[in-house]
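Q: model the structure of this input:
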Amino acid sequence: MTDRPEPTDDIGHVGLAARLLGATVVAASDEAFGEKEHLLDAAPVDFQPGRYGPRGEIVDGWETRRRRSPGHDWAIVRLGLPGRIASVDVDTTSFTGNFPPECRVEACGLEGYPAPATLSGDGARWHEIVPRSPVRGDGHNVFAVADPRRFTHVRLSIFPDGGVARLRILGEAIPDPRQVDGVSIDLAGQQHGGQVVDSSDGFYGSASTLNRPDEARTMGEGWETQRRRDGGHDFAIIRLGYPGAVQQAIVDTRHFRYNASAAVALWGYRPGPRPALRAPDWRPLLPHQRLEPDTRHVFEVADG
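A: All right, here's what the predicted structure looks like:
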């Protein structure tokens, strides 16, 4: 396994609060026992009992002090990618006698980089996307979200206090088109709203890693299918973040040496409903190209 962040957790949904994509915890009411930044850690929870520091036992998560006054604790996250939220995972792994009994999740849409005071004051209109709900300890608390609006920030409230290990926000990225007006960008990149929406196979490695904005450090951080014995070929379909004219394609087989793909070809379709896999609406962008192992290939694309 690797500790590299995984902004896409499953085909079709992006981790909108992935730190790799720019998400951050901008403010919290309290972080006496565990820093708020742990909420967005990409690595699995690694709590080791019996380790103590000046604040008490060292936890791998966000943990507030015991409340002796009315109120509740909260943390505000700026999403790395604005978008429609499909589900929220309030992960309390390793928190057994100190998890919050209840939680609530709200979201707001506020462009730019508002300060914590703005987000906590009258400058933000918060909408409840997960009502106040029971939370169980030492496990995943996954809540479906039906609100179709585009959000930029999320506020997690816990009642009255306690610890949360990780916060995952899955959904559909909807970037601001004004940021790329007249600029050449990676149309398929997750940081620009690209999503892997389908693939033929992901036996050893999910196709959702194909359009991450970072570079893989090992073979385990790429797309790898099982060995085919039927004479066919594998495919992945990426929905671009923005419609555009494709000028260049980068196919990177680095770290794949004895199991690299032998060749690649690319097709695209105009904006609209996705056509069937072999429908004539797919237009050839890059003809069949031989690939080298452990190589970053750059191909010019004629998108007429």
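Q: okay, CA-based contacts and neighbour counts for the rest of this
A: Noted.
Q: ends of stretch 40-60, how far apart?
A: By C-alpha to C-alpha, to the nearest Å, the extent of stretch 40-60 from end to end equals 11 Å.
Q: quick one: contacts for the residue lying closest to residue 254 once chain neighbours are set aside?
A: Nearest in space to residue 254, with sequence neighbours left out and distances taken as C-alpha to C-alpha, 6 or more residues apart in numbering, is residue 294 at 3.7 Å. For residue 294, the contacting residues are 252-257, 260, taking C-alpha atoms under 8 Å, 6 or more residues apart in numbering as the criterion.
Q: for whichever strand or helix holds residue 106, which outside residues touch it?
A: Secondary structure assignment for residue 106, by DSSP states H and E: strand 102-108. Applying C-alpha under 8 Å, 6+ apart, the contact partners of strand 102-108 are 124-135, 151-160.
Q: buried only: go through these for me.
A: With neighbours counted by 16 or more other C-alpha atoms under 10 Å, the contacts of strand 102-108 contain buried members at 124, 126-127, 129-130, 135, 151-160.
Q: so which of those sit within strands?
A: Residues of the buried ones among the contacts of strand 102-108 located in strands (DSSP state E): 127, 129-130, 151-159.
Q: about what we covered before: export the helix or strand following the strand holding residue 106 to CSV, keeping only CA atoms.
A: Read in the C-terminal direction, the helix or strand following strand 102-108 is helix 116-120, with elements assigned using DSSP H and E. Once non-C-alpha atoms are left out, helix 116-120 reads as follows in CSV (Å, rounded to 0.1, in the frame of the first residue of the first chain):
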residue,chain,number,x,y,z
PRO,A,116,-12.4,32.2,8.6
ALA,A,117,-14.2,35.2,10.0
THR,A,118,-16.2,35.5,6.8
LEU,A,119,-17.1,31.9,6.8
SER,A,120,-18.1,31.9,10.4
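Q: same question for helix 116-120: list its buried residues.
A: Of the residues in helix 116-120, residue 119 count as buried by neighbour count, 16+ other C-alpha under 10 Å.
Q: and that helix, what does it pack against?
A: Helix 116-120 makes packing contacts with no helix or strand when contacts are defined by 3 or more C-alpha pairs under 8 Å, 6 or more residues apart in numbering; DSSP states H and E.
Q: please redo it, this time with the cut-off set to 10 Å
A: Packed against helix 116-120 by the contact rule (3 or more C-alpha pairs under 10 Å, 6 or more residues apart in numbering; DSSP states H and E) you find strand 24-28, strand 73-91, strand 150-159.
Q: could you dump the ones you listed to JSON lines with distance to residue 201 and mean pLDDT?
A: Conversion of these to JSON lines gives the following (distance: least, C-alpha to C-alpha, whole Å; pLDDT from 0 to 100):
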{"stretch": "strand 24-28", "distance to residue 201": "33", "mean pLDDT": "93"}
{"stretch": "strand 73-91", "distance to residue 201": "24", "mean pLDDT": "96"}
{"stretch": "strand 150-159", "distance to residue 201": "31", "mean pLDDT": "97"}
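Q: which among the ones you listed is found nearest to residue 211?
A: Of all these, the one in closest proximity to residue 211, counting by C-alpha to C-alpha, is strand 73-91 (14.3 Å).
Q: and that closest one with strand 24-28, angle?
A: Going by axes from the mean of the first three to the mean of the last three C-alpha atoms, to 10 degrees, strand 73-91 is angled at 140 degrees with respect to strand 24-28.
Q: pull the CA atoms of strand 73-91 into PDB?
A: Taking C-alpha atoms only, strand 73-91 is exported to PDB below (Å, rounded to 0.1, in the frame of the first residue of the first chain):
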ATOM      1  CA  ASP A  73     -17.500  22.000  18.200                       C
ATOM      2  CA  TRP A  74     -17.100  22.500  14.500                       C
ATOM      3  CA  ALA A  75     -14.500  22.500  11.700                       C
ATOM      4  CA  ILE A  76     -14.700  24.300   8.300                       C
ATOM      5  CA  VAL A  77     -13.100  22.700   5.100                       C
ATOM      6  CA  ARG A  78     -12.500  24.500   1.900                       C
ATOM      7  CA  LEU A  79     -13.000  22.000  -0.900                       C
ATOM      8  CA  GLY A  80     -10.100  21.400  -3.300                       C
ATOM      9  CA  LEU A  81     -12.700  21.200  -6.000                       C
ATOM     10  CA  PRO A  82     -16.100  22.900  -5.800                       C
ATOM     11  CA  GLY A  83     -18.900  20.600  -6.900                       C
ATOM     12  CA  ARG A  84     -22.100  18.700  -6.100                       C
ATOM     13  CA  ILE A  85     -21.700  16.500  -3.000                       C
ATOM     14  CA  ALA A  86     -22.900  12.900  -3.200                       C
ATOM     15  CA  SER A  87     -21.900  11.600   0.100                       C
ATOM     16  CA  VAL A  88     -20.000  12.400   3.300                       C
ATOM     17  CA  ASP A  89     -18.000  10.000   5.400                       C
ATOM     18  CA  VAL A  90     -17.400  11.000   9.000                       C
ATOM     19  CA  ASP A  91     -14.800   8.400  10.000                       C
END
